[in-house]
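**Student:** Sequence and predicted structure below; questions after.
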Amino acid sequence: MISDKMKTGVERAPQRSLLKAMGMTDKQIRKPLIGIVNSFNEVIPGHIHLQNVARAVKDGVLAAGGTPMEFNVIGVCDGLAMGHEGMKYSLVTREIIADSVECMAKAHCFDGLVFIPNCDKIVPGMLLAAARLNIPSVFCSGGPMLSLCSDEGKAMDLNSVFEAVGAIKNGTIDENRLSYFEENACPGCGSCSGMFTANSMNCLCEALGMALRGNGTIPAVYAARQRLAKQAGEKILELVERDIKPLDIMTEAAFENAFKVDMALGCSSNSLLHLVAIAYEAGVPFDLKKVNEISEKTPNLCHLAPAGHHHMQDLTAVGGVYAVMGELNKKGMLDTGCITVTGKTVGENIEGILPLNHEVIKSIDEPYSKTGGLAVLFGSLAPNGAAVKRSAVAPEMLVHTGPARVFDSEEEAIDAIYNAKIKSGDVVVIRYEGPAGGPGMREMLSPTSAIAGMGLDKEVALITDGRFSGATRGASIGHVSPEAISGGPIAYVKEGDMIEIDIPNYTINLLVSEEEMAVRRKEMPIKTKPEIKGYLKKYAKMVTSADKGAVLSVD
């Protein structure tokens, strides 16, 4: 066992003495030591209950003959951090989490790890760590929040509150109505209930093969979540015994499976950023152009919020992620030979599993669209690519040309939106919010929700070198690469320039001549932010561009 390096032999008596100081017996020490990587805190509603999940995981480890040892990692709530400086500190935690897990696992020689994430950056941060460490690992998330229906019979989620803010700014609703959504849209613990970033990544853990069935969809408050946690605790001992490691699972074929499921589910555009980063850590080459190749061949089968009115509880009720995979595989679209944390192959896992109905998961013969939920756009505005969740874009906005309204920060854009300065047909450009330029690549749920709340989501496009929340809907195009601070074309857009968006043909172009752009590069200086300090300063110096997953590089 890996842990023998720390606990076996006369030379390791001091280490055994320290373990005994925590109450461990010789019998416990001799068993496989399983690290329980818990992201519990009292800040995030998706994590407030993870002590209970961890207890269930530990019960499973104990039942299967292991010794669980729990430690924690940090986590940021994107919803609480949204719309202010705090959002600069969200994406950066992905790397902090990966690094801290590496430190703990290497220092303490764990034989296996059970990861307990739930919300946005915690899931990919832990996946990065699993790939880097390559010791037997299994994921068990905390599960999604429930979605309740409003007094109008419409399912609510966090996005309902953000859009209500736009509506009150527009005079469509009053403060009493806003208060109603505030009180009822988030009824309890769990990750926000739509196919936003957290649930996207938890579902993709199943598709990658790193989590058991139900990881992405079973609601946090269901007893089935506790049973799943116990099963994960038991399963890690089997993985240790069989020496099945993350890099045995997260192969090139597994990533292709994950991208196909991503397309079918209509996941958050952030999933693209994270999958690229995880593939990089796993040593799996992945060109962004391949995303469009997969998208062209993979139908979009689900319209969960924000693309539609269904939520995670609806998806789990009809079979969950495995049912989506089963539907895709009716046409042989998945590599079924990939090994998974179940100890079985993808084909064995999904055998005989199909959707219980085709209301939430469409038939592969009659999908929402013949192409996938995500697209990567290339062109003169984004030579290295830009990401859009096209399943959440209104048909009339899939192709759009309009005048640029240019802002050098999210705050400037929000001020203009709230003060009714954005008109139908405009293309809002928010720059200097990229990985290095932000720094931190903020999500832009506040401006996109305000536009949706004002009823302009079918008339206005937003483009940024930052990111959009998984809750965002509309023609919201993020991850523009190269970013502004690196001298990308987005830095040289001027007010009124015409921008052409063609999502079906994967293009995004700034309709300005090369001659004019050459002049602008000489005359328009790259803007710098006031002096930044602390971790953000380190991050800005080391982070790569969005098309490379915004990973850190010391080269």
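**Tutor:** Happy to help now that I have it.

**Student:** Moving C-terminal from the helix ranked longest in the chain, which element do we reach first?
**Tutor:** Counting by DSSP state H, the longest helix found in the chain is helix 223-242. Later in the chain than helix 223-242, the nearest helix or strand by DSSP states H and E is helix 246-249.

**Student:** packing partners for that following helix?
**Tutor:** With contacts taken as 3 or more C-beta pairs under 8 Å, 6 or more residues apart in numbering; DSSP states H and E, helix 246-249 sits against helix 122-133. All C-beta atoms are positioned from the backbone trio N, CA, C, and that covers glycine.

**Student:** After the helix it packs on, which helix or strand is next? Please name it.
**Tutor:** Downstream of helix 122-133, the first helix or strand assigned by DSSP H and E is strand 137-139.

**Student:** Assign a three-state SS to residue 302, would you?
**Tutor:** coil (DSSP: H, G, I helix; E, B strand; the rest coil).

**Student:** Would you quantify the distance from it to residue 477?
**Tutor:** 21 Å (C-beta to C-beta, to the nearest Å).

**Student:** ok so, going back, pull out the buried residues from the longest helix of the chain.
**Tutor:** Neighbour counts over helix 223-242 (16 or more other C-beta atoms under 10 Å) mark 225-226, 228-240 as buried.

**Student:** so which pair among those residues is furthest apart in space?
**Tutor:** In the buried residues of helix 223-242, two members sit farther apart than any others by C-beta to C-beta. They are 225 and 240, at 23.5 Å.

**Student:** The host helix or strand of residue 105 packs against which elements?
**Tutor:** Using DSSP H and E, residue 105 falls within helix 92-108. For helix 92-108, the packing partners by 3+ C-beta pairs under 8 Å, 6+ apart come out as strand 33-38, helix 122-133, helix 270-281, helix 534-542.

**Student:** mind redoing it with 6 Å?
**Tutor:** Judged by 3 or more C-beta pairs under 6 Å, 6 or more residues apart in numbering; DSSP states H and E, helix 92-108 is in contact with helix 122-133.

**Student:** Helix 270-281 and the helix it packs on, what's the angle between them?
**Tutor:** 10 degrees (axes from the mean of the first three to the mean of the last three C-alpha atoms, to 10 degrees).

**Student:** Run the chain-centre distance for helix 122-133.
**Tutor:** Distance of helix 122-133 from the chain centroid (C-alpha atoms, centre = their mean, to the nearest Å) equals 13 Å.

**Student:** what comes into contact with it?
**Tutor:** Applying C-beta atoms under 6 Å, 6 or more residues apart in numbering, the contact partners of helix 122-133 are 39, 75, 94, 97-98, 101-102, 105, 115, 117, 137, 201, 246, 250, 274, 278, 281-282.

**Student:** Please name the nearest non-neighbouring residue to residue 115.
**Tutor:** residue 126 (4.3 Å; C-beta to C-beta, 6 or more residues apart in numbering).

**Student:** Now do the strands in this structure.
**Tutor:** 33-38, 67-72, 112-116, 137-139, 374-377, 385-389, 399-407, 427-430, 461-464, 476-481, 498-502, 507-510 (DSSP state E).

**Student:** Kindly reformat the ones you listed as CSV containing mean pLDDT and distance to residue 420.
**Tutor:** Formatted as CSV, the strands of the chain follow (pLDDT from 0 to 100; distance: least, C-beta to C-beta, whole Å):
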stretch, mean pLDDT, distance to residue 420
strand 33-38, 98, 46
strand 67-72, 98, 45
strand 112-116, 99, 45
strand 137-139, 98, 45
strand 374-377, 96, 29
strand 385-389, 96, 25
strand 399-407, 98, 13
strand 427-430, 97, 13
strand 461-464, 96, 16
strand 476-481, 97, 20
strand 498-502, 98, 21
strand 507-510, 98, 26
